[in-house]
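Engineer: sequence and computational prediction follow.
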Amino acid sequence: MNLDRAHVTRLVAALVLVVGAAYLFGWYIPQFKESATTYLWAEAVYIGGAAMGLNLLTGYNGQVSIGHGAFFGLGMYTTAILMQSHDWPFVATLPVAAGLSFVVGVLVGFPALRVKGLYLALVTLGLAVLFPQLTSRFVPHDLCPTCGTSQVGELPRVKLRPPSWTPNFIKFNDQWAYYAALAIAVVAIVGVALIVRSRFGRALIAVRDHEAAAETVGINIARVKVIAFATSALYAGTAGSCFVLVKRLATASSASTFQISIELLVAVVVGGTATVLGPFIGGVLVVFSDRYISESFPSTLLFWHINDSVKNLLSPAIFGIGLILLMYVLPDGIVGGGRRIATVAIRRLRGRRTSPAPT
């Protein structure tokens with residue numbers, strides 16, 4: 001059978017999709033798992049969805065952002081305030097949080113046109129650092145009357161209620177949170193797949209590869225970049241809404257927004273830039289690897305007692321070492337490396353079939 005690179009890519013992507021769907025829907029059933037595990041899966045799902053949005057900006061358009069934790073926090077606070085102050089159901093807050101994140105993404109995207117590369121990364125980093133200061137100043141204090149001065153801007157104990165159409169076999173809150181996050185992630189995956197295969201998706205790639213050439217064929221570079229920035233902000237804001245659903249609170253600090261921004265960027269790189277499913281897979285791996293490293297860390301090491309504070313310091317170091325090794329083995333990420341390995345294997349197989357038999 002004659003297979004070219006495009007067929008191999010589609011075959012690998014389809015295989016990853018089937019295996020991932022089988023694991024999510026078949027091997028993992030939240031009705032038979034404890035609540036902590038279900039919440040962890042829900043967290044992995046919405047982090048993967050946010051990483052897919054960042055991949056549209058970084059992987060397909062070539063703009064590096066390490067400030068998407070701010071858009072994540074914007075969606076988080078929008079949902080929390082609407083649910084806490086106005087008694088909105090969670091589903092009704094989603095379009096508001098996504099739309100507001102998109103608008104703010106447009107407003108940030110226009111100034112971002114003036115800078116590129118590392119300078120753009122520094123600008124977005126400033127956005128992530130500035131966001132917690134804005135929340136502590138403008139979030140109404142009456143939403144959290146019991147919070148101290150160190151917790152201003154935190155909205156704990158967000159009220160949740162199950163929708164009337166929730167099936168009886170789905171337990172509220174953990175199972176409903178998982179299925180809601182998973183449904184949103186499926187919509188996000190379909191959206192990214194449609195965008196990449198559309199005319200706008202081809203414009204994203206053209207601008208990333210060569211701006212001058214893209215402009216000569218009539219592509220509006222500024223519009224493409226701003227829409228890419230706003231769309232990725234929409235994905236991050238929607239993931240922030242899911243954070244409220246899973247954690248039942250809204251809180252932001254300079255450390256947390258920066259950490260979320262880095263986690264999203266790591267998920268994109270680990271899964272594979274400029275791939276549809278790669279960032280989602282990377283997000284799941286980032287969440288579970290962090291939990292696995294922290295929980296499986298030994299209490300003693302060569303007669304050295306390791307307490308919790310030492311674990312908190314060593315766990316990120318081990319994760320970083322593992323990330324370096326993974327990037328050394330698979331520089332294109334998991335999906336990109338899988339494509340490359342499959343392509344090489346197919347070429348070798350075809351070469352063996354077409355080589356002349358010895359006489």
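Structural biologist: On my side now, so go ahead.
Engineer: which residues are in contact with the most centrally placed residue in the chain?
Structural biologist: With distances taken as Cα atoms, centre = their mean, the residue of the chain nearest its centroid is A51 (2.3 Å). If a contact means Cβ atoms under 8 Å, 6 or more residues apart in numbering, then A51 has 264, 267-268, 271, 279-280, 282-283 as its contacts. (Each C-beta comes from the backbone N, C-alpha and C, glycine too.)
Engineer: rerun at 6 Å
Structural biologist: For A51, the residues meeting the contact criterion (Cβ atoms under 6 Å, 6 or more residues apart in numbering) are 264, 267-268, 279, 283.
Engineer: what about the helices in the stretch 151-300 of the chain?
Structural biologist: Assignment of helices within the stretch 151-300 of the chain using DSSP state H, counting those that start in this stretch yields the ranges 174-196, 199-209, 211-216, 221-247, 254-271, 278-295.
Engineer: out of the ones you listed, deepest packed?
Structural biologist: Most buried of the helices of the stretch 151-300 of the chain, by mean neighbour count (mean count of other Cβ atoms under 10 Å): helix 221-247, with a mean of 25.
Engineer: now that helix: how far from the chain's centre is it?
Structural biologist: Centre-to-centre, helix 221-247 and its host chain are 10 Å apart (Cα atoms, centre = their mean, to the nearest Å).
Engineer: other SSEs contacting it?
Structural biologist: helix 35-58, helix 68-85, helix 90-112, helix 174-196, helix 199-209 (3 or more Cβ pairs under 6 Å, 6 or more residues apart in numbering; DSSP states H and E).
Engineer: give the buried residues for the longest one.
Structural biologist: Right, the one you point to is helix 35-58. By neighbour count, with 16 or more other Cβ atoms under 10 Å as the criterion, the buried positions of helix 35-58 are 38-58.
Engineer: same thing with the second one?
Structural biologist: Residues 68-84 are the ones in helix 68-85 that count as buried (16+ other Cβ under 10 Å).
Engineer: what is it packed up against?
Structural biologist: Counting contacts by 3+ Cβ pairs under 6 Å, 6+ apart, helix 68-85 is packed against helix 90-112, helix 117-138, helix 221-247, helix 254-271.
Engineer: what about stretch 284-299, average pLDDT?
Structural biologist: Across stretch 284-299, the average pLDDT comes to 79.
Engineer: any low-confidence regions in the protein?
Structural biologist: Residues of the chain meeting the criterion pLDDT under 70: 1-29, 31-32, 139-172, 254-255, 297-312, 352-359.
Engineer: can you do 80?
Structural biologist: 1-34, 136-174, 252-255, 293-316, 342, 345-346, 349-359 (pLDDT under 80).
Engineer: setting the sequence-adjacent residues aside, check what's closest to V226.
Structural biologist: Setting aside the residues directly before and after it, V226 is nearest to G109 in space (Cβ to Cβ, 6 or more residues apart in numbering), at 3.9 Å.
Engineer: equivalent analysis for A274, please.
Structural biologist: Across the structure, with Cβ to Cβ, 6+ apart as the measure, the residue nearest A274 apart from its sequence neighbours is G59 (4.0 Å).
Engineer: give me phi/psi at that neighbour?
Structural biologist: When read as degrees, to the nearest 10, the backbone of G59 gives phi -70, psi -50.
Engineer: ok, it to A228 distance?
Structural biologist: In this structure, G59 and A228 are 10 Å apart, going by Cβ to Cβ, to the nearest Å.
Engineer: likewise L249?
Structural biologist: Taking Cβ to Cβ as the criterion, L249 is separated from A228 by 31 Å.
Engineer: and I321, how many neighbours?
Structural biologist: Neighbour count for I321, taken as other Cβ atoms under 10 Å: 10.
Engineer: hang on, isn't T275 packed against I334?
Structural biologist: No - because the distance of 8.8 Å does not satisfy Cβ atoms under 6 Å, T275 is recorded as not touching I334.
Engineer: for the two, indicate the residue with more neighbours.
Structural biologist: With other Cβ under 10 Å as the criterion, T275 and I334 differ in neighbour count, and T275 comes out ahead with 29 against 19.
Engineer: who's in contact with the more buried one?
Structural biologist: With Cβ under 6 Å, 6+ apart as the criterion, the residues that contact T275 are V335.
Engineer: now it: how far from F90?
Structural biologist: For T275, the distance to F90 equals 30 Å [Cβ to Cβ].
Engineer: repeat that for A98.
Structural biologist: Counting by Cβ to Cβ, the separation of A98 from F90 is 13 Å.
Engineer: R199 too?
Structural biologist: Separation of R199 from F90 (Cβ to Cβ): 34 Å.
Engineer: cool, and E215?
Structural biologist: Shown here: E215 relative to F90, a distance of 43 Å by Cβ to Cβ.
Engineer: what's the distance between I81 and C242?
Structural biologist: The spacing between I81 and C242, counted by Cβ to Cβ, is 16 Å.
Engineer: before we move on, what about S261?
Structural biologist: Between S261 and C242 the distance is 17 Å, computed by Cβ to Cβ.
Engineer: do the same with D290
Structural biologist: Here the distance between D290 and C242 works out to 18 Å (Cβ to Cβ).
Engineer: surely G75 is in contact with F243?
Structural biologist: No - under the criterion of Cβ under 6 Å, G75 is not in contact with F243, lying 8.0 Å apart.
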